[in-house]
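S.K.: Structural data only, the sequence is not supplied:
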Ligand SMILES: Cc1cc2nc3c(=O)[nH]c(=O)nc-3n(C[C@H](O)[C@H](O)[C@H](O)COP(=O)(O)OP(=O)(O)OC[C@H]3O[C@@H](n4cnc5c(N)ncnc54)[C@H](O)[C@@H]3O)c2cc1C
C-alpha cells in the first residue's frame, strides 16, 4: 500500500499525523522534512530568552522519538523538489516516492528585504528552531540588536530581548507597532510600554541598507539618511506562504495554496494546511487555525472512499501577541467595512471593530484590559462558521 506522505514536520505536519493515528493505526505514514525533524512549539521561540531557555530547551521530541510515537517514518534533511500529481509521486534529491494521499504542510518563508550595502547578508531571519539556534549562537551579551519590522514577531522579539538585558532598536516604515493588526491607539500603547522597558523606536522609516562599520559592527541605514549602529540585525518583515512548488505542480494557489473546507487542493489526492494553505479564501498563519485543520484532516485521511470528507470550521480565534510588558489580544475583522471604537486609558485599552449595522466584528485588548477577553470572544462572530 502506498503511504500517506506528509511534507513538513512543523506543528501542521506532526499534528496531522497525530490526529490521523487516532483513527487509523495501520496505514503507513511518511513525513519528510528539510530540517532535523525536532518537534517543538514554534511560538515559544520569541519568548525563550527571557524565560531562561536555550534553543535546545524548546525541543519536545526528536525526529526518532516522533517516528516511534506516530508509528511513522520521518525522513529528515530531505528537501522535496517536485510533485507529480498525475503519477502520485514526490521527488527528492536522490529518491522518488509514491503516495496514496499527499499532505502539504511545508509552511511559509520569511520575506527578504531588498537591502543595499556591503553587509546585507548579515541579517538574521527567524522562522524556525534552526534559524533561532544560529541567531542565539551569534548573540553576545551586551549586544545592540536592531530589529527590522514592528509586526507581531518583531515586537515579540523586542520584548524578549529587552527583557533579557539587550539594547534593542526597532525600525519600521509604519507609524505604529503591529500596524497591520491593530488600530493606532493600540499600537501606541505597545510602543509606550516597550519604550518604557528600553526599546528605541525608529517608526516611519524603512531600512534601506546595511553596511559594515569600521569597528566591526553594522550600520543600518534608514531611508531618511539617518542610521542605527548594531551588533546584530534581525529581520522580521513578514512571511509569504510557500506556494512555488504547488504552483509548479499545477495546483491552484492564491495568497496560499488554495484548499476548500475539507483541506483538499485542486487535486483530489493532495491536501494542504498550516502556514502554506489558504482555507476557503482565508490565510491565517497561526496555531489556532492549523490545529482545527489538523483535527479535520486527520479524520478525512482515515475515512473510507464512501464517507463524506469532514469540513473545517474556525471558531472565534483571537491572536495573542506575547509582548509581556503590554500584552495584546486581537481579533482582526475579516471584512474591513466598519470602524474601530476605542475605550480605556494608558496602556489598558479595549477596542471594538463595529460594522455599519452596529455589530461587533473584531476587537483588540491591550495591557490590563486583556483580562476582559472572555466577554469579547463570546460576542465576536466565528472566523469561519
Ligand atoms: C517567532 C514566532 C512566534 C510565533 N508566535 C505565535 C503565537 O504566539 N501564536 C500563534 O498562533 N502563532 C505564532 N507563530 C506562528 C506559528 O508558529 C505558525 O503559524 C506555525 O508554527 C506554522 O506551522 P507549520 O507547520 O505550518 O509550518 P512550519 O513550522 O514552518 O513547518 C514547515 C515544515 O516544512 C518543512 N519544509 C519546508 N519546505 C520543505 C521542502 N521543500 N521539503 C521538505 N520539507 C520542507 C520544514 O522543514 C518544516 O518541517 C509564531 C511564529 C514565529 C516564527
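M.R.: Alright, I've got the coordinates. Quantities reported herein were computed from a predicted structural model and do not represent experimental measurements.
S.K.: make it CA atoms for all contacts and neighbour counts henceforth
M.R.: Noted.
S.K.: Can you report how many residues lie near residue 78?
M.R.: 17 (other CA atoms under 10 Å).
S.K.: right, I mislabeled it, should have said residue 108
M.R.: Around residue 108 there are 19 residues (other CA under 10 Å).
S.K.: Please apply the same query to residue 335.
M.R.: 9.
S.K.: what kind of secondary structure is it in?
M.R.: coil (DSSP: H, G, I helix; E, B strand; the rest coil).
S.K.: Chain neighbours aside, what residue packs nearest to it?
M.R.: Once flanking residues are discounted, residue 335 sits nearest to residue 361: 8.0 Å by CA to CA, 6 or more residues apart in numbering.
S.K.: Then that neighbour would be within a strand, right?
M.R.: Yes: using three-state DSSP, the assignment for residue 361 is a strand.
S.K.: So which bits of the stretch 151-300 of the chain are right by the ligand?
M.R.: 153, 274, 275, 285, 286, 287, 288 (CA under 6 Å from any ligand atom).
S.K.: Excluding covalently adjacent residues, which one is nearest to residue 325?
M.R.: Using CA to CA, 6+ apart, the closest residue to residue 325 is residue 193 (6.0 Å).
S.K.: Ok, residue 315 next?
M.R.: Spatial nearest neighbour of residue 315, excluding adjacent residues (CA to CA, 6+ apart): residue 382 at 4.4 Å.
S.K.: How about the contacts made by the one you found?
M.R.: Shown in contact with residue 382 (CA atoms under 8 Å, 6 or more residues apart in numbering): 314, 315, 316, 317.
S.K.: same deal with residue 206?
M.R.: Here residue 206 is in contact with 171, 172, 173, 222, 223 (criterion: CA under 8 Å, 6+ apart).
S.K.: Who does residue 218 form a beta bridge with?
M.R.: For residue 218, the beta-bridge partners under DSSP bridges are residue 212, residue 230.
S.K.: since we're on the closest residue to residue 50 other than its chain neighbours, how many residues are nearby?
M.R.: Nearest residue to residue 50, sequence neighbours excluded (CA to CA, 6+ apart): residue 164, at 5.0 Å. The number of residues packed near residue 164 is 17, by other CA under 10 Å.
S.K.: I figured residue 106 hits residue 31, correct?
M.R.: No: with contacts counted by CA atoms under 8 Å, residue 106 stays clear of residue 31, the gap being 10.9 Å.
S.K.: ok so residue 67 is a helix residue?
M.R.: Yes: looking at residue 67 with three-state DSSP, it is inside a helix.
S.K.: Next up, the contacts around residue 24.
M.R.: For residue 24, counting by CA under 8 Å, 6+ apart, the contacting residues are residue 302.
S.K.: returning to what we had before: that's a strand at the residue nearest to residue 315, yeah?
M.R.: No: looking at residue 382 with three-state DSSP, it is coil, so not inside a strand.
S.K.: Angles on the backbone of it, please.
M.R.: The phi and psi values for residue 382, taken as degrees, to the nearest 10, are phi -60, psi 150.
S.K.: Checking residue 142 next. Helix, strand or coil?
M.R.: coil.
S.K.: Double-check it against residue 166; I have them as touching.
M.R.: Yes: contact criterion CA under 8 Å: residue 142 and residue 166 qualify, at 5.6 Å.
S.K.: More neighbours: those two, which one.
M.R.: Shown here are residue 142 and residue 166; by other CA under 10 Å, residue 166 has more neighbours (19 against 11).
S.K.: ok, the more buried one - contacts?
M.R.: The contact partners of residue 166, by CA under 8 Å, 6+ apart, come to 141, 142, 143, 144, 145.
S.K.: With pLDDT and distance to the ligand as extra columns, can I get these in TSV?
M.R.: What follows is these, written out as TSV (pLDDT from 0 to 100; distance: CA to the nearest ligand atom, whole Å):
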residue	pLDDT	distance to the ligand
141	91	20
142	90	22
143	94	20
144	96	19
145	98	16
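S.K.: Farthest pair within those residues?
M.R.: The span of the contacts of residue 166, defined through CA to CA, is set by 141 and 145 at 10.5 Å.
S.K.: Compare the two and say which one has the larger neighbour count.
M.R.: Neighbours were counted for residue 141 and for residue 145 using other CA under 10 Å; residue 145 has more, 24 against 10.
S.K.: List the residues that contact that one.
M.R.: Taking CA under 8 Å, 6+ apart, we find residue 145 in contact with 166, 167, 168, 169, 230, 231, 232, 233, 234.
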